[in-house]
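Engineer: any chance you can model this:
(chains A, B, C and D)
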Number of protein chains: 4
Amino acid sequence: MNRHPTPTLGQGGHRYACRIYYEDTDAAGTVYHANYLRLAERARTEALRELDIPHAEMTRQFGLIFMVRRAKLDYLAPARLDDEVIVATRPLAIAAASVVLVQSFHAAQPPHRTLAVAEIQLACVRLRDMRAARIPPLWRDTLATLAGPGGPRNREEG
Amino acid sequence: MNRHPTPTLGQGGHRYACRIYYEDTDAAGTVYHANYLRLAERARTEALRELDIPHAEMTRQFGLIFMVRRAKLDYLAPARLDDEVIVATRPLAIAAASVVLVQSFHAAQPPHRTLAVAEIQLACVRLRDMRAARIPPLWRDTLATLAGPGGPRNREEG
Amino acid sequence: MNRHPTPTLGQGGHRYACRIYYEDTDAAGTVYHANYLRLAERARTEALRELDIPHAEMTRQFGLIFMVRRAKLDYLAPARLDDEVIVATRPLAIAAASVVLVQSFHAAQPPHRTLAVAEIQLACVRLRDMRAARIPPLWRDTLATLAGPGGPRNREEG
Amino acid sequence: MNRHPTPTLGQGGHRYACRIYYEDTDAAGTVYHANYLRLAERARTEALRELDIPHAEMTRQFGLIFMVRRAKLDYLAPARLDDEVIVATRPLAIAAASVVLVQSFHAAQPPHRTLAVAEIQLACVRLRDMRAARIPPLWRDTLATLAGPGGPRNREEG
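Structural biologist: Numbering: from 1, shown residues only, chains lettered A, B, ... in the order given. As a prediction, the model looks like this:
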């Protein structure tokens, strides 16, 4: 397996801060591995909201949702109860009907140790029948801005 | 607050066995308190299935679901990773549009120590608009049999 | 079953705002009932932190944690995806080794409809052996201030 | 990203059956993506138990646990409320201090449509300090048998 590109908190993208509660942990004393995906969902939902393209609005207007089609997670250092964690979200690739985000988890305390890195492919699907659909232009173009000047260009797919 | 009637594994009702995994625990080393409600949902869903009145069938035929309207939980002794737990489910009261179940959690190992007791009031509601509805007679009558001969009689409500 | 005292957002106590994500919902389209307990944990943890008596500090200094000993939940109106929810937390009774909190869930939008009300009894226990212990005076006295002038007086138990 | 090898239920390995409850689903009407990791944990825990090398026993004897170090998930078709799902677990690679499992999720009904495929790398770590440790020989050798005759050979890593 190849490694994710090393994320740093210095890069562009969106930041979301969250606290670790008992609900997030398990008997090993650290955050249960599946729960990083829950934190990641919160972070990217807030990223869309702050970009003024809320996910819920895409559903209301177009009957479309982003569904997770693929996820890759590397767990690098454990997060623990009461830690504050920063989730950094930026697009890695944007296609006609899907987008790949890199979401990295960092300790809020300097030196912002990287705790985990997730690469999440979201497919745009119609809620009615779960079939693939094109991402509405407003969402697609706005997502691209999250990457900053050196971010991914939109790739046309068909 | 008044106490629940003391449950014992010797009573009538339905039994459901489940194992405690990391997903169920938290950093205190024991089962996270909210997760007893998840185990309880599994247990009563299987109770309905084994009575041949699956919850999903009530939704398919009538567009109705049981929603939790009220829950009372007493946590008596902690369950831990890898424990096997028995969930005992029996009806306490059956009304026209709601049912109260007692669901108690016991160690699978003798002497079957009681770990927690839940009293769950389920309202029958239409999935479409979440409004209260009468429990279909087949569900209502069959649920009553779960209590055994000394169980609750159906109470008419209006 | 007797009802909780009707909560209003106008009362004293602590407020915590949270957003509903897919992780919180279920196939009925509303918040899964067990997840209110997770939101409640977040809210009271933040209440303690804002009172400058973090839960984690009680564990570090004294090896003590608050464990949920009893929970009563009334579900009054469903919360849905993308809703903003306010969790209001205030003490109902404070004893030597336990505290009862009322935590009510309200729509963030006026008229702040009450969605659910929880009454949570927390026991102070030693993490080492899960045995009951007296709440440290700083925590006990500070919790009492959360209630406001008309709040519960400390009840001595033995 | 390269694809996982296509799994079929006809291969060797361990099978675990589970039912989808409301707790597993979200407002899209399908299983919440993070919850496949919870089902996967249950399945591999039961695989170890049935091989007579329970995870809890490795912790008791050696103070070691398997922690998820990396996870890759492909979501192929949605699972829904009340579906019965088979989780098939087999080792892909076994090293001195880690093991990679393929865990695939299939509809229990023929033709056993593949719903999702996970590739989970577990690191053996000491619970005390979360440092990497060699997998005890009994666990390592027994895991290898799960693959069947054509399974992965043990790879020595220094």
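Engineer: identify the residues contacting the residue of chain A positioned farthest from its centre.
Structural biologist: Largest separation from the mean C-alpha position in chain A: A:Ala27, at 26.4 Å (CA atoms, centre = their mean). A:Ala27 sits next to B:Tyr22, B:Thr25, B:Asp26, B:Ala27, B:Gly29, B:Thr30, B:Arg80, B:Leu81 when contact means CB atoms under 8 Å, 6 or more residues apart in numbering or on different chains. C-beta here means a position set from N, CA and C on the backbone, and glycine is covered the same way.
Engineer: of all those residues, which comes closest to C:Leu127?
Structural biologist: Minimum distance to C:Leu127 across the contacts of A:Ala27 is 8.3 Å, recorded for B:Gly29 (CB to CB).
Engineer: find the nearest non-adjacent residue to the closest one, please.
Structural biologist: A:Ala27 (5.1 Å; CB to CB, 6 or more residues apart in numbering or on different chains).
Engineer: tally of neighbours for A:Pro137?
Structural biologist: 9 (other CB atoms under 10 Å in any protein chain shown).
Engineer: list the buried residues of the lengthiest helix in chain A.
Structural biologist: When chain A is parsed with DSSP state H, its longest helix is helix A:35-50. Within helix A:35-50, the residues that qualify as buried by neighbour count (16 or more other CB atoms under 10 Å in any protein chain shown) are A:35-49.
Engineer: what do you get for stretch A:108-127?
Structural biologist: For stretch A:108-127, using 16+ other CB under 10 Å, the buried residues are A:114-125, A:127.
Engineer: restricted to strands, list those residues.
Structural biologist: Counted as lying in strands by DSSP state E, out of the buried residues of stretch A:108-127, are A:Thr114, A:Leu115, A:Ala116, A:Val117, A:Ala118, A:Glu119, A:Ile120, A:Gln121, A:Leu122, A:Ala123, A:Cys124, A:Val125.
Engineer: near chain D, which of those show up?
Structural biologist: A:Gln121 (CB under 8 Å from any CB of the partner chain).
Engineer: now the ones in strands among the buried residues of stretch A:108-127 as TSV including distance to C:Thr59 and pLDDT?
Structural biologist: As requested, these are exported to TSV (distance: CB to CB, whole Å; pLDDT from 0 to 100):
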residue	distance to C:Thr59	pLDDT
A:Thr114	26	97
A:Leu115	21	98
A:Ala116	24	98
A:Val117	30	98
A:Ala118	29	98
A:Glu119	35	98
A:Ile120	34	98
A:Gln121	39	98
A:Leu122	38	98
A:Ala123	43	98
A:Cys124	44	98
A:Val125	44	97
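Engineer: so which of the ones in strands among the buried residues of stretch A:108-127 comes closest to chain C?
Structural biologist: A:Leu122 (12.0 Å; CB to the nearest CB).
Engineer: contacts only, for the closest one.
Structural biologist: A:Phe66, A:Met67, A:Val68, A:Arg69, A:Ser98, A:Val99, A:Val100, A:Leu101.
Engineer: tell me the SS of the residue farthest from the centre of chain A?
Structural biologist: coil (DSSP: H, G, I helix; E, B strand; the rest coil).
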